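[1] with the input below, show me the fold.
(chains A and B)
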Amino acid sequence: MARSESIRRSLRFFTANSGKVRYWCLKKAVDPSKVFTISTSDKCTINSIRCFSRSVSISSSNSSITATADHANFDFFRQEHTELRNTLKKIIVKDINPFVDEWEAEGQFPAHSVFKKLGEAGLLGITRPQEYGGLGLDYTYTLAFLEELGTIKCGGIPMAISVHTDMATPALANFGSEELKKEFLVPSIAGDRVACLGVSEVEGGSDVASIKTKAVRDGDDLIINGGKMWITNGCQADWMCLLANTREGPSHKNKSLICIPMKTPGVHISKKINKIGMHSSDTAQIFFEDVRVPVRNIIGEEGMGFMYQMLQFQEERLAGSIIVLPCLEQAITDTLEYCKQRKAFGYPIIYNQVIHFRLAELQTEVEALRSLVYRAIGKLLSGENVTLLASMAKLKAGRLAREVTDTCMQYWGGLGYTSDVLISRMFRDMRLLSIGGGTDEIMLSIICKHMGTLPPQILTKQAQNVK
Amino acid sequence: MAMRVLVGCKRVIDYAVKIRVKPDKTGVVTEGVKHSLNPFDEIAVEEAVRLKEKKLASEVIAVSCGPPPCQETLRTALAMGVDRGIHVEIGGKDYETLQPIHVSKILAKLAQEEKVDLIILGKQAIDDDANQTAQMTAAVLDWPQGVFASKIEKMDGTLKIQREVDGGVEYVEAKLPAVISSDLRLNEPRYATLPNIMKAKKKQIAKKSISDLGVDITPRVEVLTVEDPPVREAGAKVESVEELLTKLKDLGRI
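    Numbers count the residues shown, from 1 in each chain, chains lettered A, B, ... in the order given. Have a look, this model is predicted:
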């Protein structure tokens, strides 16, 4: 097979989210390290995905085979998608929404029982290979799943669920060894074990390359020291997909993703972090003190952790952008209904042009965001790299979530500022979208890299990191 | 001996949808409105699937009468565990005037064709709330009926049915073959799991037309007008029992 063809295919496997095929390719056909060294001229590795896509686009232009955009018209949903949504809706209406207020007040939702219900319904491994309990379906089903998750009456639980399904597990599913997948992926898909993702640290979240947590080899074991911050599901998780430095060297090539059982001696959940929103989701700070795990717990190849994480981020960012769509629609609809009922100066306040126009404007913005998100998904489905569109979607989703919830809350007046109405929770919860999973500013810098507008000194510094 | 079970699956406007009467008052707006499987039929499906899981039923067949989207309704039942579906295609004017009397004849015909031992139907559909089809089907077939069942137990060749009636619970025993209609408390329907949703795609749905079945569906009733129910007037609070009695007397109710 020609090298260009192999690269082109591997890109499709990286991004197409067809776990089974992707797994096959990565195991049999493509050495991931080679894939990532195709463009050594540009050493910045956030960019390596971009370079990767650039090389690929060049190579594919030489090839007669081009990725087919089956989903070009964005008509993603069939009856099975509707059925999936109906099933999830039933779980949400019966087992989640009635308890959200209680869980918000308690500062934690029972992840194990909720995940078990979702796992039993087959909803936690939608795109994962069937041999691990998944369904091997394409991303459109994940889209339907995430959109329906957005109807949960808070931001915390959808976030916790999507951390488990789309943020902590993609790398394991795509690159993990058979043994590791049996141990961690299978029970996660079944809903028996809760996953969390350990990337951010006290001194660095956005700057992923500069994390300090170390995993030092000792015989067949790794000894881990360091700490992680802002860990969603951290208090309840059974295992963590941890990013740690496993060797010296360039900061984009010295890291590995490691599966850590949270019961391992030396894993300390130091505190549950109090937040302004996302109350039903537990967020932890975690320390590692001489935590010993076998070397075989490394996902894929040692040293590839940063790359895997960058890929994993794409699914995370898309997931965040999808979940927010129904939330914002709900916020607008609720506000509209309220403004129809609320009278001031003798007539319903919705009669004020400033309000009905503004809500129409916001509705339009949400539709525009949906189009962007769907376009990214269309590309993902046809095997293209979606870093740019996913980053743009995440940026726009974060910005728009702030705008919509803030505007809507304004029209609710004093009532909107109370804890009795959903809009205040949405205002608090949705604010996180601009911060978590890569801040707006990180999204902007990724976009700038694509546009070639980052100042040279930043690029130089990043290039040095690689050396 | 394991039974062959037929279940009815009516496609109705989803319970969460606010019903709107058409401006010309000939019916309610159905276009672009979310439809789903009648909740009482969902209970019937669940009961049939449970019978199958207990090995008391050998095959469960779902029937839906109506326009092509009824196949979606059947898929819902198939995803819950029904073995195969029969779609009796009825569209346009015929469907608008389709009444329980017609459906019961269709069901009776299919029950004979499929040699079923038990028909389970929802006690009523949430659109017209007619509560007639099960009773009529039993009459057409001249089979025993156990309607509003809240518990079903299979004995040898008979069914013991617990029914919720005014003022208590009644137990009836019916010889097979029989017709049952499900009450709300018969069971709590499962939700289809994603693997079963995907499997349902591969299950068979046979299409039949009215002429295949030779059932007469000429309308027996004519819809003159469909109106919104009157808007409920606000109630009033009373301070005491005496005041309540006085008010009721004034209204001539007691």
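[2] rest of the way, CA atoms for contacts and neighbours
    Will do.
[3] need the phi and psi values for residue 250.
    In the absence of a named chain, chain A is used. With angles defined as degrees, to the nearest 10, A:Pro250 sits at phi -50, psi 140.
[4] to clarify, I was referring to chain B.
    phi -60, psi -40.
[5] check B:Val223 too.
    Per degrees, to the nearest 10, the backbone of B:Val223 is at phi -80, psi 120.
[6] what residues does it make contact with?
    Going by C-alpha atoms under 8 Å, 6 or more residues apart in numbering or on different chains, B:Val223 touches B:Thr26.
[7] contacts for stretch B:200-216, please.
    B:71, B:74-75, B:78-79, B:83-90, B:102, B:105-106, B:109-110.
[8] just the endpoints, please. Distance across it?
    This stretch, stretch B:200-216, spans 32 Å end to end (C-alpha to C-alpha, to the nearest Å).
[9] next one: stretch A:141-159
    In stretch A:141-159, first residue to last residue: 17 Å (C-alpha to C-alpha).
[10] can you tell me the residue of chain B closest to chain A?
    Residue of chain B nearest chain A, by C-alpha to the nearest C-alpha: B:Thr193 (4.2 Å).
[11] quick check: residues of chain B near chain A?
    For chain B, the residues found near chain A under the criterion C-alpha under 8 Å from any C-alpha of the partner chain are B:Glu72, B:Thr76, B:Tyr191, B:Ala192, B:Thr193, B:Leu194, B:Pro195, B:Ile197, B:Met198.
[12] again, only using 10 Å
    With C-alpha under 10 Å from any C-alpha of the partner chain as the criterion, chain B meets chain A at residues B:36, B:72, B:75-76, B:79, B:190-198, B:200-201.
[13] who's in contact with residue 179?
    Using chain A. Residues near A:Glu179 by C-alpha atoms under 10 Å, 6 or more residues apart in numbering or on different chains: A:Leu185, A:Arg296, A:Asn297.
[14] wait, chain B
    Here B:Val179 is in contact with B:5-7, B:117-121, B:134-139, B:141-147 (C-alpha under 10 Å, 6+ apart).
[15] pick out the residue nearest the middle of the chain.
    Looking at chain A here, since you left the chain open. Closest to where the C-alpha atoms of chain A average out (C-alpha atoms, centre = their mean) is A:Glu316, at 1.3 Å.
[16] how about it, phi and psi?
    Torsion angles, degrees, to the nearest 10, at A:Glu316: phi -60, psi -50.
[17] so what's the residue count around A:Leu135?
    Under the neighbour criterion other C-alpha atoms under 10 Å in any protein chain shown, A:Leu135 is assigned a count of 22.
[18] what count of nearby residues applies to the closest residue to it other than its chain neighbours?
    Once flanking residues are discounted, A:Leu135 sits nearest to A:Ile126: 5.2 Å by C-alpha to C-alpha, 6 or more residues apart in numbering or on different chains. As a burial measure, A:Ile126 scores 24 neighbours (other C-alpha under 10 Å).
[19] what residues are up against A:Ile126?
    By C-alpha under 10 Å, 6+ apart, the residues touching A:Ile126 are A:19, A:133-142, A:145, A:165, A:189, B:194-195.
[20] show me which of those is closest to A:Gln312.
    For the contacts of A:Ile126, the closest approach to A:Gln312 (C-alpha to C-alpha) belongs to A:Thr165, at 11.1 Å.
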